[in-house]
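1. all I have is the shape, not the residue letters:
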């Protein structure tokens, strides 16, 4: 087979090495003995999604493959909205043959009926706990251009502390 260039990106170098390279489902464990990759510890690099895209400049038809927990973060939302992005979603149970016995039952006991069940076990992007409105609900409620209103009121509830980051905004319109 031809040589391939790829990047493994994780929260920290230790995570990449311990899980993706040397772990039981990592590259070293899965590659045939004569084609087993070598870990070159000296080539430490910091990579982000924007940096990874520069790696797509070489080759005839480069691709970017990302596997992740589907958290509702802006970078993932932007990526999923890009034209041409192919999405595949798998539930944790789809990988049951490769998981420790009892693992799925343990997760089910911990997360049953919560948003984390949908995120971690079903592979769905879910909103943060405490969100008043979900993105799916807003998209479903979106309609045509509203009628002209006689009066529009915008109410803002700013954060009360110097470190607060949540801000409530409500817009209401009335037609007499």
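-> Structure received. Just so we're clear, the structure is a prediction, and the values are computed from it rather than from any experiment. Numbering: from 1, shown residues only.
2. not counting its neighbours along the chain, what's nearest the most centrally placed residue in the chain?
-> By CA atoms, centre = their mean, the chain has its centre lying nearest to residue 70, at 3.3 Å. The shortest distance from residue 70 to any non-neighbouring residue, by CB to CB, 6 or more residues apart in numbering, is to residue 125 (4.3 Å). From N, CA and C alone the C-beta is placed, and that goes for glycine too.
3. next, that neighbour: secondary structure please.
-> coil (DSSP: H, G, I helix; E, B strand; the rest coil).
4. going forward, the N-terminal residue is numbered 732.
-> Understood, numbering begins at 732; the last thing we discussed is residue 856.
5. next, count neighbours for it.
-> Neighbour count for residue 856, taken as other CB atoms under 10 Å: 17.
6. what does residue 795 give?
-> Neighbours of residue 795 (other CB under 10 Å): 13.
7. now residue 748
-> The tally of other residues near residue 748 (other CB under 10 Å) stands at 16.
8. so how far is residue 890 from it?
-> Per CB to CB, to the nearest Å, residue 748 is found 40 Å from residue 890.
9. show me what the helix or strand harbouring residue 901 is packed up against.
-> Secondary structure from DSSP states H and E places residue 901 in strand 899-905. Judged by 3 or more CB pairs under 8 Å, 6 or more residues apart in numbering; DSSP states H and E, the packing partners of strand 899-905 are strand 882-888.
10. who touches stretch 888-907?
-> Under the contact criterion CB atoms under 8 Å, 6 or more residues apart in numbering, stretch 888-907 has outside partners 877-887.
11. can you rerun that using 10 Å?
-> If you take CB atoms under 10 Å, 6 or more residues apart in numbering as the criterion, stretch 888-907 is touched by 861, 863, 877-887.
12. name the residues of stretch 897-907 that are buried.
-> Buried positions in stretch 897-907, judged by neighbour count with 16 or more other CB atoms under 10 Å: none.
13. can you list the domains in the chain?
-> For the chain, automatic domain parsing gives the domain ranges 732-796, 877-905.
14. could I get the average pLDDT for the first one?
-> Averaging pLDDT along domain 732-796 yields 73.
15. equivalent analysis for the last one, please.
-> pLDDT averaged over domain 877-905 equals 83, rounded to a whole number.
16. how far off centre is it?
-> 29 Å (CA atoms, centre = their mean, to the nearest Å).
17. just stretch 871-882 next, same as before
-> 32 Å.
18. same question, stretch 751-762
-> On CA atoms, centre = their mean, the centre of stretch 751-762 falls 22 Å from that of its chain.
19. now do the buried residues in it.
-> For stretch 751-762, by 16+ other CB under 10 Å, it's 751-752, 757.
20. what's in contact with stretch 807-826?
-> Residues contacting stretch 807-826 (CB under 10 Å, 6+ apart): 756, 780, 794-802, 804, 830, 834-835, 838-839, 848-849, 851-856, 866.
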